[in-house]
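Colleague: Quick one: sequence and predicted model below, then my questions.
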Amino acid sequence: MRHNIKSVVIALLFGLLLPAISFANMPVASDGGIQVGDPDGPYWFNLSGVMKIDERAYTGNTATTASGVGGLGTYLGGAFIRDAGITLEGGVGENYGYTMGLDFNAQSKEVKIDEFYLTYYGFGYLMPNFSFSVGQVNPGFCLNCADSSKWIPFMERNMGTTTFGPKQGLGVSANTYDVHYSATVAITQQPPSGESVKTVYGQPRKSPDLWQASGRFTYAPISQRGKVLQFGLSGHIQEYSNNGLQFRAVPEMRSNNSTTLLNTTTYYTANPAATGPTGQLMIAALNQTTLDADILGIYGPWSAELEYQEAFITRGKVNGVKQGGDLNFSGFHAQAEYILTGETRPLKPSNGTLAQIKPKCKSGAWAVSARYSFITLNDKDIAGGRAYNTTASVSWYANNNIRVIGEYVYSLQRRQFPTYLDKRHVGGLGARVQVVF
């Protein structure tokens, strides 16, 4: 796979070199990527990227209990490359644009296509700022899902949105927005390209395309620079067709050496015939419906948000018998941020999310943040566990491209398996250096 990464990068750079020759007389900028041409013109392109280097240390109950199975709930610290990616976007005519994002996994040495779509802007006469995209698109769902991971106040998104939110997939999406509202809808196939579905026993299987539909609508009765009040609603429905479904809620303190305790899969120390050869049993799911509501506010250097998700799972059959009653899981988070140096968080109007803090002076910008989050994966016969996380973070924005984050996460976790009860307190001290180029 190492040669795979090298080949992709060489091909990408070579592909950029040829257009650059013909665009030699166009303006070139290097702040926030290499940009050739004017984005308001018909032909232009921009190559940008991100690199995140993390260090994480844990305290408390960091090892799997003696009676644990599946290697769950082991938290070991260390340094690692959290994210490395390249994004290429541009215009190819009066009303056409393209976006391609590549993620590089330093551990598996694999390249993953994150987003890959063509966008048409020629329907502006129908409604303000209307666009239509086809390809591997981002689903329109939830405030924290739509936020760029580069500019959220913390090192990780909250548990609820990462657990219940939809994944990208091949399909179509549409977006429109104005000063006081935004709306995004998407219809895509699942699983994402390069992934496979699993049986209830955790074994990969082939399957025809499964489908999901999602959408988000925001309304901001107050929308001006430094003063925003916005309400958002999201919905998502996904087909599983009686395949295995697993929710894994990762507390907001990731490292390469940790495995989450919260997991809806039931693991067995022995392998009775009824559980299949793998010793595990996943949820047999027909479909999942998730609803999300959020509130966002900005007032000068302050910003705050509150978001709640609830997931409803219709269960299918195992060996011809319905596995159990339908399920209902939920999560929420509340967070606040204060920018010590006086800057104001701007609102990104296209999807109603928080945009980047840009320092006003050469010494950079400082911000402090706090978050409380909760998730439960317990319902009926499923004992996936629950967690309560409290996070405090401080960020230094050296300039528009470099950011340093330090944070502490305290997590109270509980999970009850058929054979034991696990309750633990885990602390996670994290640091990140992020470069956007």
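Modeller: Perfect, thanks for sending it.
Colleague: so residue 397 bridges to which residues?
Modeller: With DSSP bridges as the criterion, residue 397 is bridged to residue 365, residue 403.
Colleague: Report pLDDT for residue 13.
Modeller: Reading off the confidence values, residue 13 has pLDDT 49.
Colleague: no no, residue 281
Modeller: Reading off the model, residue 281 has pLDDT 89.
Colleague: Which of the helices or strands spans residue 162?
Modeller: Taking DSSP states H and E as the definition, residue 162 sits inside helix 159-164.
Colleague: The helix or strand following that helix: which residues count as buried?
Modeller: Going down the chain from helix 159-164, the next helix or strand is strand 169-177, by DSSP H and E. Under the neighbour-count criterion of 16 or more other Cβ atoms under 10 Å, strand 169-177 has 169, 170, 171, 173, 174, 175, 176, 177 buried. For glycine as for every other residue, the C-beta is placed from the backbone atoms N, C-alpha and C.
Colleague: Show me what the closest residue to residue 423 other than its chain neighbours is bridged to.
Modeller: Spatial nearest neighbour of residue 423, excluding adjacent residues (Cβ to Cβ, 6 or more residues apart in numbering): residue 414 at 4.8 Å. With DSSP bridges applied, residue 414 shows beta-bridge pairing to residue 386, residue 423.
Colleague: From what I see, residue 414 and residue 384 are in contact.
Modeller: No - counting by Cβ atoms under 8 Å, residue 384 is not a contact partner of residue 414; they are 10.4 Å apart.
Colleague: Mind checking which of the two has more residues around it?
Modeller: residue 384 (26 against 17; other Cβ atoms under 10 Å).
Colleague: my guess is that one meets residue 331, correct?
Modeller: No - in this structure residue 384 lies outside contact range of residue 331 using Cβ under 8 Å: 11.6 Å.
Colleague: what do those two both touch?
Modeller: Listed as contacting both residue 384 and residue 331 by Cβ atoms under 8 Å, 6 or more residues apart in numbering are 249, 376.
Colleague: okay, now residue 379: neighbour count?
Modeller: Around residue 379 there are 18 residues (other Cβ under 10 Å).
Colleague: again but with residue 337, I slipped
Modeller: Residue 337 - counted by other Cβ under 10 Å - has 23 other residues nearby.
Colleague: Neighbours of the closest residue to residue 218 other than its chain neighbours, how many?
Modeller: In this structure, residue 218 finds its nearest non-sequential neighbour in residue 352, 3.6 Å apart by Cβ to Cβ, 6+ apart. Residue 352 has 28 neighbours, counted by other Cβ under 10 Å.
Colleague: And residue 222, by the same measure?
Modeller: Neighbour number of residue 222 under other Cβ under 10 Å is 12.
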